[in-house]
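Asks: Sequence first, then the predicted structure, then my questions.
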Amino acid sequence: MTSSFDAPSARAELAPAGKLRVGINHSNFLLVNPASPHGAPKGIAPDLALELGKRLGVPVQFVSFDGAGKTADAIRDAEVDAGFIASEAERASVIEFSSAYVELPATYLVPAGSPLRTLADIDRPGVRIAVSGRSAYDLYLSRTLKHAQLVRAGGKSVGTRTFPDHHDYAEADVASLAREATAAGAEVLLTTEKDWVKLARLTAARESTRPILRVDVRIRFQDPAEERRLLDMIQRRITPLS
């Protein structure tokens, strides 16, 4: 297989000044590691930017933003040469998007006991939906909702705390997280679905006045054959129980 990538042409188009200016949205913790420094971010988006710069043969300059809307504005106004934001119809009218490098399934988060149980329950009069202003979610919902009300709000990550994989959480861990969250001014704690299940068993977590929310992440293969190959590989490595 041969590559059709033309580095000189791409370099002339994307980095005419001899460097690649890349807009980074630090509020998206799925693409940028929380608390990574401005100017030297870590995560999926920065890694892709560095690889693009390597292929173009130019240095990368990261330009940091605290929201998707500001990142989109910078790309639109040519204040940066490239950026990493969700492709959305309104943005696509003024920004040229590449093919997708990642797909992030999204849904609604509701309080325990909410009468809203399915997607069909959402778009009804009297339902209010909190959304990050000028995010792709905001743009999509603004275009598609007919009855529910959008409540736009800002939000950003103010800190991060890592634990070993398969960590056995204790009450002391929740207390420590609460102290750190208070010191950082965090209004909510966000964790993975797996760790949320563990934390939900603890009294300190259940009685916390600061909500502990979870991010549900799913993998979807675009090629079913690739999924089958991965499952077959896993199956071959599993020793049957006798």
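Replies: That came in fine, so what should we check first?
Asks: CA only for contacts and neighbour counts going forward, please
Replies: Noted.
Asks: What's the separation between the residue nearest the centre of the chain and His166?
Replies: For the chain, Leu30 is the residue whose C-alpha lies nearest the centre (CA atoms, centre = their mean; 3.0 Å). Per CA to CA, to the nearest Å, Leu30 is found 20 Å from His166.
Asks: any idea where the helices of this structure begin and end?
Replies: Assigned by DSSP state H, the chain shows helices spanning 7-14, 44-56, 68-76, 89-92, 136-144, 171-184, 193-199, 203-206, 224-237.
Asks: And the second one, what does it pack against?
Replies: Contact here means 3 or more CA pairs under 8 Å, 6 or more residues apart in numbering; DSSP states H and E; on that basis helix 44-56 packs against helix 7-14, strand 20-25, strand 60-65.
Asks: before we move on, the earlier item: residue contacts, the residue nearest to the centre of the chain?
Replies: Gly43, Ile44 (CA atoms under 8 Å, 6 or more residues apart in numbering).
Asks: Surely Glu88 touches Leu139?
Replies: Yes. In terms of CA atoms under 8 Å, Glu88 counts as a neighbour of Leu139; the distance is 7.3 Å.
Asks: Please parse the protein into its domains.
Replies: Following automatic domain parsing, one gets these domains for the chain: 18-92, 119-153, 159-230.
Asks: Packed most tightly, which of these would that be?
Replies: Mean neighbours per residue, mean count of other CA atoms under 10 Å, is largest over the domains of the chain for domain 18-92, with a mean of 18.
Asks: in the protein, which ranges drop under the pLDDT threshold?
Replies: 1-4, 154-157, 239-242 (pLDDT under 70).
Asks: how about 80 then?
Replies: 1-5, 35, 153-160, 184, 215-222, 237-242 (pLDDT under 80).
Asks: that older thread, can I get the helices of the chain in TSV including distance to Leu150?
Replies: Formatted as TSV, these follow (distance: least, CA to CA, whole Å):
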stretch	distance to Leu150
helix 7-14	36
helix 44-56	28
helix 68-76	16
helix 89-92	17
helix 136-144	8
helix 171-184	27
helix 193-199	26
helix 203-206	28
helix 224-237	36
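Asks: Nearest to Val217, out of those helices?
Replies: helix 193-199 (7.9 Å; CA to CA).
Asks: The closest one packs against which elements?
Replies: strand 212-215.
Asks: List of residues touching the strand it packs on?
Replies: Contacts of strand 212-215 (CA under 8 Å, 6+ apart): Val188, Leu189, Leu190, Thr191, Thr192, Glu193, Trp196, Ala205.
Asks: try 10 Å this time
Replies: Residues from elsewhere that reach strand 212-215 (CA atoms under 10 Å, 6 or more residues apart in numbering): 30, 106, 109, 187-197, 199-200, 205-206.
Asks: just to revisit the earlier point, which of the helices of the chain sits closest to Ala35?
Replies: Across these, closest to Ala35 is helix 171-184 (CA to CA), at 11.4 Å.
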